[in-house]
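Engineer: Pasting a predicted model and its sequence here:
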Amino acid sequence: MKGARLLDPLAGLGASTLGLLAAIGRVAFYLASTLSHVLRPPFYPREFLAQLMVIGYFSLPVVGLTALFTGGALALQIYVGGARFNAESVVPQIVAIGMVRELGPVLTGLMVAGRVASSIAAEIGTMKVTEQIDALVTLSTNPMKYLTVPRVLAATIALPVLAAVGDAIGIFGGYLVGITRLDLNAATYLKNTADFLETADVISGLVKAAVFGFIVALMGCYHGMNSGRGAQGVGRATTNAVVSSSVLIMGANYLLTQLFFAT
């Protein structure tokens, strides 16, 4: 009996590990199924355009405000830190590269994850609870084609556009703080920003944003499709969609940064 108690922690660890591996396998299977349906008819352009509006256009305010304040705060922090070794002049360059490479796509992904992944999971989870998904199958409509594919495509396309807008607004926020609070020259600020940025910086940020959009929509759809019954199950699916999207975005960001910029 005592020996069995000693093995209880190991049994719990083993069960958790097996559960994690099973979850990874289910997500991988769902991912493969989604990719297999992307290029195969039928297509639902009206649903795709509707999701493009919901995911892209309606996310502009939160992305824009987040980027504006982040760019301004970043300029202040860089100025204060640079003043310690007489490097205040690097504010435009660091704000630009920080927003375009990292903060722009990552913050856009996280904001959209909080807004869109939860919405998708709640919507699809509610459809499952109310048996609307079963009704789609009865009407010979593939739920994967009608629900998942349009949302995944829309998010993958919309996120780079949102990230580009967020980059511009964030750099503008740093510019406003630089010329109004830090007494930097406006023309010099803009020139340093334009001269310092490279095409690779912009492309890497847009690719990151596209990957983050794919992750957000995939996790929202996956957890919605696999939500439990009742309000509690839908609420749990919503929470899991946001958490898994955010964690995967941070992990993917590291891997993509390593891919693009590792020496």
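Structural biologist: In hand now; what should we look at?

Engineer: Grab the longest helix from this structure for me.
Structural biologist: helix 2-38 (DSSP state H).

Engineer: buried residues in the helix or strand that that one is followed by?
Structural biologist: Where DSSP states H and E defines the elements, the next helix or strand beyond helix 2-38 is helix 45-55. Neighbour counts over helix 45-55 (16 or more other C-beta atoms under 10 Å) mark 47-48, 51-52, 54-55 as buried. Glycine gets a C-beta too; all of them are placed from N, C-alpha and C.

Engineer: Next, name the residue at the spatial heart of this structure.
Structural biologist: Gly109 (2.6 Å; C-alpha atoms, centre = their mean).

Engineer: And the average pLDDT for the helix or strand containing that one is what?
Structural biologist: Using DSSP H and E, Gly109 sits in helix 104-112. The average pLDDT for helix 104-112 rounds to 94.

Engineer: May I have the residues that are in contact with the residue nearest to the centre of the chain?
Structural biologist: 159, 163, 208-209, 212-213, 215-216, 245, 249, 253 (C-beta atoms under 8 Å, 6 or more residues apart in numbering).

Engineer: One more pass at 6 Å, please.
Structural biologist: 212, 249 (C-beta atoms under 6 Å, 6 or more residues apart in numbering).

Engineer: picking up where we left off before, for the buried residues of helix 45-55, which one is nearest Thr130?
Structural biologist: Among these, Glu47 lies closest to Thr130 (C-beta to C-beta), at 18.6 Å.

Engineer: and that closest one, how far is that from Val54?
Structural biologist: 10 Å (C-beta to C-beta, to the nearest Å).

Engineer: Tell me how far Thr193 lies from Ile94.
Structural biologist: Applying C-beta to C-beta to Thr193 and Ile94 gives a distance of 10 Å.
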